[in-house]
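> Need the 3D shape of this:
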Amino acid sequence: MFVHLFPGQGGLVWLHASRGRRLLHADASPAIVRAVGRRLIGGTALCAVITLLALIQVDLSLVGCGLVLAYYGISDVRKDDRGEKSE
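Numbers count the residues shown, from 1 in each chain. Take a look at the predicted model:
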């Protein structure tokens, strides 16, 4: 239940799914699995910091949330389905 209440839960779910490759498709590239893991775990760590920051300074935490959303939104738009940059 903690996972569903915590912002940035994708990294924790990915860790469970990718551990030992037991819940991934057999054709999943190890390089892509590692890259996705790094990205999601980094997002989870940032969300944890932003959540703690909200206890101290709400305005800064809102700015942090906006920056994280912009980063993930822009990086997804710049890549096509194969993970390569589109022109």
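
> now for the helix or strand containing R34, which elements pack on it?
Taking DSSP states H and E as the definition, R34 sits inside helix 30-56. Packing partners of helix 30-56 (3 or more Cβ pairs under 8 Å, 6 or more residues apart in numbering; DSSP states H and E): helix 10-18, helix 58-77. Where you see a C-beta, it was placed from the backbone N, CA and C, and this is true even at glycine.

> List the contacts of the shortest one.
What that stands for is helix 10-18. For helix 10-18, contacts defined as Cβ atoms under 8 Å, 6 or more residues apart in numbering pick out 3, 6, 23-24, 33, 36-37, 40-45.

> From the centroid of this structure, which residue is nearest?
L40 (2.7 Å; Cα atoms, centre = their mean).

> distance of that residue from C47?
10 Å (Cβ to Cβ, to the nearest Å).

> next one: S61
For S61 relative to C47 (Cβ to Cβ), the value is 10 Å.

> you'd agree T51 is up against S61?
Yes: look at T51 against S61 with Cβ atoms under 8 Å: they come within range, at 7.4 Å.

> related to what we said a few turns ago, what count of nearby residues applies to the nearest residue to the residue nearest to the centre of the chain once chain neighbours are set aside?
Counting by Cβ to Cβ, 6 or more residues apart in numbering, G11 is the residue found nearest to L40 once chain neighbours are left out, at 3.9 Å. Look at G11: counted by other Cβ atoms under 10 Å, it has 22 neighbours.

> same thing with Y71?
The number of residues near Y71, taken as other Cβ under 10 Å, comes to 14.

> Also G66?
G66 has 10 nearby residues by other Cβ under 10 Å.
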